[in-house]
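fold the following.
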Amino acid sequence: MRVVFFGTGAFAVPALESMAPHLVLVVSQPDRPSGRGLRLHASPVKQRALELGLHVETPERSRAPEFVEHLRSLDADFLLVASYGQILSQAVLDSARQGGINLHGSILPAWRGAAPIQRCLEAGETVTGVTLMQMDRGMDTGDLINVCRVPIDPDETYGMLEERLARVAAAQVVLWAARLAAGAYTRRPQDSSRATLAPKVERHEARLRLAAPLSGEYNRYRAFTPNPGAFVETAHGRLRVWDARRRTGQGSPGDVVATSPELVVAFADGAMAWLEVQPEGKKRMSGRDFANGARIRAGDSLLKENDG
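Numbering: from 1, shown residues only. Down below sits the predicted model:
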């Protein structure tokens, strides 16, 4: 079996590991600047592939004619694509005998796009899954090969769910790999009338609003933890919320319901415990330690002036 793997994000790493013996090439996005010093960093897929001794290439444009010719020369049975980050051209898809096979982190046609796991959590869904899909030129519009459904825990964050779905994806491709290479599988078209979109997440979307209903804001916390990172603007500055839970306390939005044994803050129709937080420019700490250090007491308001 000869497979070319296209992947970038952490979701793709378990599938990369499971298919490593069959990979003739790994394609990932170019190194990107990140962190305080904006140093170049390799993608999770590139890092793991190099550790496994696999050949990696990082073209800026996978559709470039010279790269397409290179792909054709590899005589691959199929391309396996997971969390790659570029829409592949028809020429790229046609470079392998069975075309491109995508591992997508939702139950298609729900949540087509760049952020399916985050958007389903933001929407408060209770079930998601991994879809094995025959790729076409559209954005996640190809025929379905197989779907594995996965229940979502009510407190599960994006990081937790992504890790779990990544393992499901890896197991799924191992189960199907031989049939995919031989072209011995059936396909069924998606019902595009039921499609929903999962656009890329923007940083400002991760802001928790104290005056908003708790259910939506708790889903926002779950969807954007750990990336890009849920945060809240308070009278004590911006606070990143690393770990939180729903609570039953009541009060006006922004009121501190309790500081011990945990920091509990009221939203519009409920309360949230902030178990681990990070003030700007400081280390992560428990919500209780933050409250003690900032001399916050039950009954205080965390709302910024003229904020809601």
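
pLDDT weak spots in the chain?
Scanning the chain for pLDDT under 70 picks out 35-37, 305-308.

hmm, 90 instead?
31-41, 248-250, 304-308 (pLDDT under 90).

which helix is the longest one in it?
helix 158-182 (DSSP state H).

any idea how far the very next helix or strand once past it is from the chain center?
Heading C-terminal from helix 158-182, the first helix or strand you meet, by DSSP states H and E, is helix 214-223. Counting by CA atoms, centre = their mean, to the nearest Å, helix 214-223 is centred 15 Å from the centre of its parent chain.

what is helix 214-223 packed up against?
On a contact count with 3 or more CB pairs under 8 Å, 6 or more residues apart in numbering; DSSP states H and E, helix 214-223 meets helix 116-122, strand 237-247, strand 270-279. Yep, even glycine has a C-beta here, placed from its N, CA and C like the rest.

ok, 6 Å please
The contact analysis (3 or more CB pairs under 6 Å, 6 or more residues apart in numbering; DSSP states H and E) places helix 214-223 against helix 116-122, strand 237-247.

may I see the buried residues of it?
For helix 214-223, a neighbour-count test (16 or more other CB atoms under 10 Å) marks 214, 216, 217, 218, 219, 220, 221, 222, 223 as buried.

ok, now stretch 123-130?
Buried, per 16+ other CB under 10 Å, within stretch 123-130: 128, 129, 130.

now the phi/psi pair for the nearest residue to residue 195 once chain neighbours are set aside, please.
Nearest residue to residue 195, sequence neighbours excluded (CB to CB, 6 or more residues apart in numbering): residue 109, at 4.0 Å. In terms of degrees, to the nearest 10, the main-chain angles of residue 109 are phi -90, psi 10.

gap between residue 109 and residue 271?
Residue 109 sits 36 Å away from residue 271, taking CB to CB, to the nearest Å as the criterion.

show me which of the buried residues of stretch 123-130 is closest to residue 200.
residue 128 (18.2 Å; CB to CB).

what are the ranges of the helices in the stretch 1-150 of the chain?
13-19, 44-51, 65-73, 90-93, 116-122 (DSSP state H, counting those that start in this stretch).

so which of these gets nearest residue 302?
helix 116-122 (23.0 Å).

mind checking how far stretch 233-243 is from the chain centre?
23 Å.

show the backbone phi and psi for the closest residue to residue 46 other than its chain neighbours.
Nearest residue to residue 46, sequence neighbours excluded (CB to CB, 6+ apart): residue 28, at 4.4 Å. Main-chain dihedrals, residue 28, degrees, to the nearest 10: phi -140, psi 170.

and the gap between residue 28 and residue 277?
Distance from residue 28 to residue 277, by CB to CB: 34 Å.
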